[in-house]
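Participant: got a sequence here, can you build the structure:
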Amino acid sequence: MSIPASTSKSVRVDAWLWAVRAYKTRSAATAACRAGHVRLNGNPAKAAQPVQPGDTVRIRQPGFERILEVRQLINKRVGAEAASHCFIDSTPARPAAPALGIPVRDRGAGRPTKKDRRELDRLRGS
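Facilitator: Below you'll find the model as predicted:
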């Protein structure tokens with residue numbers, strides 16, 4: 001599978017993040033840059049800032065931070081397998097959730113039922 005390489009020596013950071021599938025849309029990548037969630041070589045990145053091979057891009061996402069090193073420039077979105085060849089992912093492993101028996105409810109599950117409340121009380125020792 002060939003990757004359409006960029007003809008220029010640099011690509012916008014928001015376009016590159018979208019092309020390597022770090023964000024679903026380019027506008028989401030642009031919004032992340034504006035919000036300060038993207039850093040290029042340790043400095044806050046603006047959406048139009050050029051990225052070059054060898055640069056380090058840090059993306060702050062809920063609960064963790066992804067660290068990507070640019071290997072190849074692309075400005076067109078490609079498949080996930082092809083996109084993985086365009087960067088080196090140096091993200092540290094996510095810490096495992098503590099298994100202390102602390103009840104965790106799924107987000108958006110609504111209010112606990114009476115049965116759920118009894119189980120929570122039993123686990124807490126109440």
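Participant: shaky segments in the chain?
Facilitator: 1-8, 97-103 (pLDDT under 70).
Participant: that one: helices as residue ranges?
Facilitator: For the chain, the helices defined by DSSP state H cover 13-19, 26-35, 80-83, 114-124.
Participant: out of the ones you listed, deepest packed?
Facilitator: With neighbours taken as mean count of other CB atoms under 10 Å, the helices of the chain reach their highest mean count in helix 13-19, at a mean of 25. In short, each C-beta sits where N, CA and C put it, glycine included.
Participant: that older thread, which of the helices of the chain sits closest to residue 62?
Facilitator: helix 26-35 (11.6 Å; CB to CB).
Participant: show me what that closest one is packed up against.
Facilitator: If contacts are counted by 3 or more CB pairs under 8 Å, 6 or more residues apart in numbering; DSSP states H and E, helix 26-35 sits against helix 13-19.
Participant: what lies in contact with the helix it packs on?
Facilitator: Here helix 13-19 makes contact (CB atoms under 8 Å, 6 or more residues apart in numbering) with 11, 23, 25-26, 28-30, 32-33, 38, 40, 45-51, 57, 59, 70, 73-78, 83, 86.
Participant: for the buried ones among those residues, write the corresponding PyMOL selection.
Facilitator: Of those, the buried ones go into a single PyMOL selection, burial set by 16 or more other CB atoms under 10 Å:
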select buried, resi 11+23+26+29+30+32+33+38+40+45+47+49+51+57+59+70+73+74+75+78+83+86
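Participant: before we move on, the earlier item: now the helices of the chain as a markdown table including distance to residue 66?
Facilitator: A markdown table is the format used below for those (distance: least, CB to CB, whole Å):
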| stretch | distance to residue 66 |
| --- | --- |
| helix 13-19 | 10 |
| helix 26-35 | 11 |
| helix 80-83 | 13 |
| helix 114-124 | 34 |
